[in-house]
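Q: with the sequence up front, the predicted model follows.
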Amino acid sequence: MKTPSYGELTLNGLWKNNPAIVQLLGLCPLLAVTGSVVNALGLAAATTLVLICSNTAVSIIRNVVSDAVRLPVFVMIIASAVTCTELLMQAFAYELYLILGIFLPLITTNCVILGRADAFASKHAIGPAFYDGLSMGLGFGVVLIVLGALRELLGTGALFADMNLLFGPAAANWKWVLVADYQPFLLAILPPGAFIFTGLLIAGKNLVDRQIKRRQDALRAAPVKGAKRVRVTGTIS
Amino acid sequence: MRMLGQSITRNSALLALFALVTALLITGTYLLTRDTIAQERRQAEQRALLEVVPRERHDNSMLDDTLPLPADTPGLGLREDRQLYIARQGDKAVAVIVPVLVRDGYSGDIELIVGVNRDGSIAGVRALNHRETPGLGDKIDLRKSDWILDFNGRSLDSPPPQRWGVKKDGGVFDQFTGATITPRAVVAGVLRALLFVESHRAIVFATPADKPATGDQA
């Protein structure tokens, strides 16, 4: 099988085949934890770490494992990567671990991870598999963070609250209050807001894609056959 | 037939091998992080306790001076065994901190700790864990609103027990706009904790010397 270049892998993960807004995988954590930037960032980091580890491990063992048992083996690898990530987070970001709660172990069931393991890592060498994990993780993470930022901003009128949970006490004053005395806009923070904003993001991406396509089509249609010059402005005296 | 048997053996051996390797990996990580995690847990717990009874008021380690509270302790609503923490200045117990689980909140359980001074007044209340609606019920959280500080200094005499409720129910505590269920449940929970301490006064505020087991101080 042809191995895609690193550039293609980046473009795929971040835009063309983005796990969250194109493949629509892993929506459960996406919708559940994006109430604020810090939660989104925490889950994004954890998911990316798991994706990289599982993709690399799956690629290493791809020639050893027979087709019959490949799925249970992949799931074992993913589950252990998640458990280790959870333990590490508990040790080094305890409060964030408390906030993310059930969504950390649930990374195991995030279809992005098993999907990438089976569709990509099990068929490619270690380098590309590692990089695919990284770019898919980043693509997922960027969407998480954008959603988190949108919802936090509209919901609470501020951004980057509680960043000290992730970056230590120095980050306690990173909170950026945009509108003082903001009346919380509940819809944005509650689950329906997550659905609405995800929908808007998907629509936005499709809109941009259509613009690009239209421009390319226009460029392709542009060549003029048998150029004739016609005067269209001014008056002929 | 032999082919099939071989492939089954090979595949099971492979699965077993992977189970072993991943289990070893997790064990390794667990052993490496175990101490840090235990320390983090303890620190988080201690931070909450110290917010209720600050360092100046006691000189013992509250985490190590506890009384067991079994899950079925009447009035506290606990779902698992917890502990009551005692703050001492010298030998004298100056305050106790009781965990209460409020089960009738708006969404899920609310975990509170209630600090009660020796004179029966409240040293402080904190909501440790809850899933109340952001922007409405979550004002019980000190990070969102200072509503919970209104309990400081209250006791069973001020206000009298029948006025321990939200204003809507004829009590003295504020409810939140659009959220009455949460503060109502929290006020009732704090009252239950106060009543619990009051009825076990002799045991929880005892000095170690009062206990028959430590007779060597007599």
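A: Done, it's in.

Q: how about the helix or strand of chain A with the lowest mean pLDDT and chain B, touching?
A: Lowest mean confidence among the helices and strands of chain A (mean pLDDT, DSSP states H and E): helix A:164-167, at a mean of 74. No. If you take C-beta under 8 Å from any C-beta of the partner chain as the test, helix A:164-167 misses chain B, and the best it gets is 11.2 Å. C-beta here means a position set from N, CA and C on the backbone, and glycine is covered the same way.

Q: what's the spatially most central residue of chain A in contact with, if anything?
A: Per C-alpha atoms, centre = their mean, the C-alpha nearest to the average position across chain A is that of residue A:140, at 1.2 Å. Neighbour list for residue A:140: A:18-20, A:26, A:30, A:44, A:47-48, A:51, A:112 [criterion: C-beta atoms under 8 Å, 6 or more residues apart in numbering or on different chains].

Q: let me have the residues you listed in JSON lines, extended by distance to residue B:125.
A: Compiled in JSON lines, those are given as follows (distance: C-beta to C-beta, whole Å):
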{"residue": "A:18", "distance to residue B:125": "46"}
{"residue": "A:19", "distance to residue B:125": "43"}
{"residue": "A:20", "distance to residue B:125": "40"}
{"residue": "A:26", "distance to residue B:125": "38"}
{"residue": "A:30", "distance to residue B:125": "35"}
{"residue": "A:44", "distance to residue B:125": "35"}
{"residue": "A:47", "distance to residue B:125": "37"}
{"residue": "A:48", "distance to residue B:125": "39"}
{"residue": "A:51", "distance to residue B:125": "42"}
{"residue": "A:112", "distance to residue B:125": "42"}
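
Q: contacts only, for residue 187.
A: No chain was given, so I picked chain A. Residue A:187 makes contact with A:193, A:196 under the criterion C-beta under 8 Å, 6+ apart.

Q: chain B was what I was after
A: Contact partners of residue B:187, counting by C-beta under 8 Å, 6+ apart, are B:164-166, B:171, B:173.

Q: now, the most widely separated pair of these?
A: Farthest-apart pair in the contacts of residue B:187 is B:164 and B:166; separation 9.5 Å (C-beta to C-beta).

Q: anything in contact with each of the two?
A: B:173, B:187.

Q: please identify the helix or strand for residue B:114.
A: Using DSSP states H and E, residue B:114 maps to strand B:110-117.

Q: list the neighbouring strands of that strand plus their orientation.
A: strand B:92-102 (antiparallel), strand B:122-129 (antiparallel) (DSSP bridges).

Q: residue contacts, residue A:138?
A: By C-beta under 8 Å, 6+ apart, residue A:138 lies in contact with A:13-14, A:48.

Q: ditto for residue A:99
A: So residue A:99 contacts A:39, A:42, A:165 (C-beta under 8 Å, 6+ apart).

Q: what average pLDDT does the longest helix along chain B get?
A: Ranked by number of residues, the top helix in chain B under DSSP state H is helix B:2-52. Helix B:2-52 carries an average pLDDT of 89.

Q: chain B: which of the contacts of residue A:138 is nearest?
A: For the contacts of residue A:138, the residue nearest chain B by C-beta to the nearest C-beta is residue A:48; the value is 17.8 Å.

Q: surely the closest one touches residue A:137?
A: Yes. At 2.9 Å, residue A:48 counts as touching residue A:137 under the criterion of C-beta atoms under 8 Å.

Q: just to revisit the earlier point, out of the contacts of residue B:187, which touch chain A?
A: For chain A, no contacts are drawn from the contacts of residue B:187 by C-beta under 8 Å from any C-beta.

Q: strands along chain A, start to end?
A: Counting by DSSP state E, chain A has strands at residues A:158-159, A:176-177.

Q: identify the residues contacting the first one?
A: Okay, so that is strand A:158-159. For strand A:158-159, contacts defined as C-beta under 8 Å, 6+ apart pick out A:37, A:149, A:152-153, A:175-179, A:182.

Q: quick check, distance from that strand to the centre of its chain.
A: 21 Å (C-alpha atoms, centre = their mean, to the nearest Å).

Q: direction included, what does that strand pair against?
A: Using DSSP bridges, the strands paired with strand A:158-159 in its sheet are strand A:176-177 (antiparallel).

Q: how about the residues of chain B near chain A?
A: Within chain B, the positions adjacent to chain A are B:7, B:10-11, B:14-15, B:18-19, B:22-23, B:25-26, B:29-30, B:33, B:36-37, B:40-41, B:44, B:129, B:133-136, B:143 by C-beta under 8 Å from any C-beta.

Q: filter these down to the buried ones and hand me the PyMOL line.
A: Selection of buried members from the residues of chain B next to chain A for PyMOL, criterion 16 or more other C-beta atoms under 10 Å in any protein chain shown:
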select buried, chain B and resi 11+14+15+18+22+25+26+29+33+37+40+133+134+135+136
